[in-house]
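Engineer: Take a look and give me a structure for this.
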Amino acid sequence: MPSIEILSIDQVQPLEVDRFRFAVLPDDTRRSHRSRPRFQDDFDRVSGILYHLGNPNLKSSRSGRIFFAYELLSEESKHGGTFLEFASDYRIAAQSLLAELMTDSPVHRLLFTSDWQFGPEWTRREPAVTLDEFWRLHDARRVLLNALYPMEQDQ
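Structural biologist: Numbering: from 1, shown residues only. Below is the predicted model:
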């Protein structure tokens with residue numbers, strides 16, 4: 001199952017997340033929900049709040065550590081195996097969440113990560129991108145699974 005975790009660097013108070021169409025679980029301990037997390041060392045190097053994105057039906061079971069985002073992905077992403085693409089039903093909400101997290105980060109920086117348990121074997125740490133660059137990569141199906149994308153505020 002895929003996970004999507006976003007760390008808002010140096011953020012002190014979590015955003016109100018109930019309004020999103022999918023589950024969002026803020027976590028001030030910055031602990032990945034993966035049993036063998038690819039990016040925990042990256043999360044440990046910074047402060048802030050980690051947001052776990054999950055399927056809409058997980059909104060009612062936020063206390064659990066089983067949190068996955070399969071339903072948030074497009075059909076092509078679910079079966080393509082290498083790229084992350086939000087389903088059209090969730091893209092605008094994901095874009096809004098990232099923009100709010102970027103604004104709320106005192107240093108205007110995020111770490112966007114994805115981890116597909118049964119996906120590609122690689123782990124990638126990509127160069128920093130702006131939000132606009134991230135969405136251009138996303139729309140071109142060039143946001144990789146099992147990758148970390150540092151994000152900076154658009155100029």
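Engineer: any idea how far the helix or strand of the chain with the lowest mean pLDDT is from the chain center?
Structural biologist: Using mean pLDDT, DSSP states H and E, helix 75-80 stands out as the lowest-scoring helix or strand of the chain, at a mean of 90. Its chain's C-alpha centre and that of helix 75-80 lie 17 Å apart, by Cα atoms, centre = their mean, to the nearest Å.
Engineer: residue ranges of the helices in this protein, please?
Structural biologist: Counting by DSSP state H, the chain has helices at residues 40-44, 75-80, 88-104, 131-139.
Engineer: Quickly list what E5 is bridged to.
Structural biologist: H52, T113 (DSSP bridges).
Engineer: What residues does it make contact with?
Structural biologist: Residues near E5 by Cβ atoms under 8 Å, 6 or more residues apart in numbering: S32, H33, F39, F43, L50, Y51, H52, L53, T113, S114, D115. Yep, even glycine has a C-beta here, placed from its N, CA and C like the rest.
Engineer: Kindly report the same for S88.
Structural biologist: S74.
Engineer: measure it to K78 for me?
Structural biologist: 13 Å (Cβ to Cβ, to the nearest Å).
Engineer: what's the answer for A99, then?
Structural biologist: 25 Å.
Engineer: cool, and V17?
Structural biologist: For V17, the distance to K78 - Cβ to Cβ - is 24 Å.
Engineer: Equivalent analysis for N146, please.
Structural biologist: Taking Cβ to Cβ, one finds N146 at 15 Å from K78.
Engineer: More neighbours: which of the two?
Structural biologist: Taking other Cβ atoms under 10 Å, N146 and K78 do not tie; N146 has more neighbours (20 against 15).
Engineer: pretty sure the more buried one is touching D115, no?
Structural biologist: Yes: counting by Cβ atoms under 8 Å, N146 does reach D115; the two are 5.8 Å apart.
Engineer: Name the residues contacting each of those two.
Structural biologist: R38.
Engineer: closest one to I6 among the helices of the chain?
Structural biologist: helix 88-104 (6.2 Å; Cβ to Cβ).
Engineer: starting at the chain centroid, how far to that closest one?
Structural biologist: For helix 88-104, the distance to the chain centre is 10 Å (Cα atoms, centre = their mean).
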